[in-house]
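Asker: Build the 3D model from these lines:
(one chain, ligands or ions: 1)
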Amino acid sequence: MPQVARFWNQIAQDFDAIYSGNKGPLGRALDHWLRKDIYQRFDWVMDRCGDVRGKSICDIGCGSGRFVVELARRGAAHVTGVDVAPEMLKLARNLAAQQSVEAHCDWVHADVIDWRPTQTYDITIAIGFWDYIAEPPGRLQKIRKFTTDRFLSAWPRFWTWRMPVRKVRLQYISGCPVYFFRKPEVYRILEQSGFRVERCDTVGKLFCVEARST
Ligand SMILES: C[S@@+](CC[C@H](N)C(=O)[O-])C[C@H]1O[C@@H](n2cnc3c(N)ncnc32)[C@H](O)[C@@H]1O
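Answerer: Numbers count the residues shown, from 1 in each chain. Modelled structure (predicted):
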C-alpha cells in the first residue's frame, strides 16, 4: 500500500489534469482518445446514481474529488471521500471549496480496510480503485458493512491491449502494482461479499458494475 499511496501522491496534479484539461492540446487530444473511458465511467456513475438529492454517498479511492464534488453539486446530503494519497485529498478539498460544496463533503485519509466509519451510506462508489488492490474480498466485505443500498464499481478488464501497457508503465517502471479482472471473478467476489450484481456494462477497457446490498 505505501507504494500505491506514494505513486498517487506524486502524480496527483497530472491525474487531475485529465479532468481539468490543464495541459497542451496534444495531451488533451491523447486523453480523449486513449483514456476515453475515464470520462465514460464518470458519466456512467452519474447516470446510475440517478437523483441523489438527500442521499449519503461514499467514494472509496476518491482521488482529486471529481465524483464527490459533482455528487454534492447534484444535491447529495453528504459525500465522504476516502483516499490514501494526501495530495489527492488536498486537490479534492480545494475543488469542493471552489464549487462551494465543502459543507456537504468530508475527507478521510485512510485505506478503507483500516477506516472505522461512523455512519452508513445509501450509495458507495469505487472507481479506478480495484486496479490497485491485490485481494479485493476483505475491502469489499468492509464496504458492504456500511453500504445500505447500492454499490457502483469499475474493474479493469483482463487481457485488453491496455493491460500489458499498464503492467509495464505502472508496475515495472513506476513501482505501483496493478491488477486486472475477468467478469466471472468480479461477479463471484461481489456476490460472496454480500452484493447482488444487477448490471454489468463494458465501458472501454472496464467492467462497470451496479450491485445491491443483499
Ligand atoms: C486512478 S485514481 C482514481 C480516482 C477517482 N476515483 C477517479 O476516478 O477520478 C485511484 C485512487 O485510489 C487511491 N487508492 C488506491 N488504493 C487505495 C486504498 N487501498 N485505499 C484508499 N485509496 C486508495 C489512490 O490514492 C488514488 O487517488
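
Asker: Just the element for G75, please.
Answerer: G75 is located outside every helix and strand, with elements delineated by DSSP states H and E.

Asker: Apart from its neighbours in sequence, what residue is nearest it?
Answerer: R53 (3.7 Å; Cβ to Cβ, 6 or more residues apart in numbering). In this view, the C-beta of every residue, glycine as well, is placed from N, C-alpha and C.

Asker: any idea whether the one you found is helix, strand or coil?
Answerer: Under DSSP: H, G, I helix; E, B strand; the rest coil, R53 falls in the coil class.

Asker: Isn't it up against H78?
Answerer: No - R53 is not in contact with H78 according to Cβ atoms under 8 Å; the separation is 11.8 Å.

Asker: just to revisit the earlier point, and the residue nearest to G75, how far from W44?
Answerer: Distance of R53 to W44, computed by Cβ to Cβ, to the nearest Å: 20 Å.

Asker: cool, and P2?
Answerer: 31 Å.

Asker: follow-up on the earlier one: so between R53 and H78, which is more surrounded?
Answerer: When R53 is set against H78 and neighbours are counted by other Cβ atoms under 10 Å, the residue ahead is H78, at 18 against 9.

Asker: count of neighbours near A110?
Answerer: Residues lying near A110 (other Cβ under 10 Å) number 14.

Asker: got it, and Q192?
Answerer: For Q192, using other Cβ under 10 Å, the count is 11.
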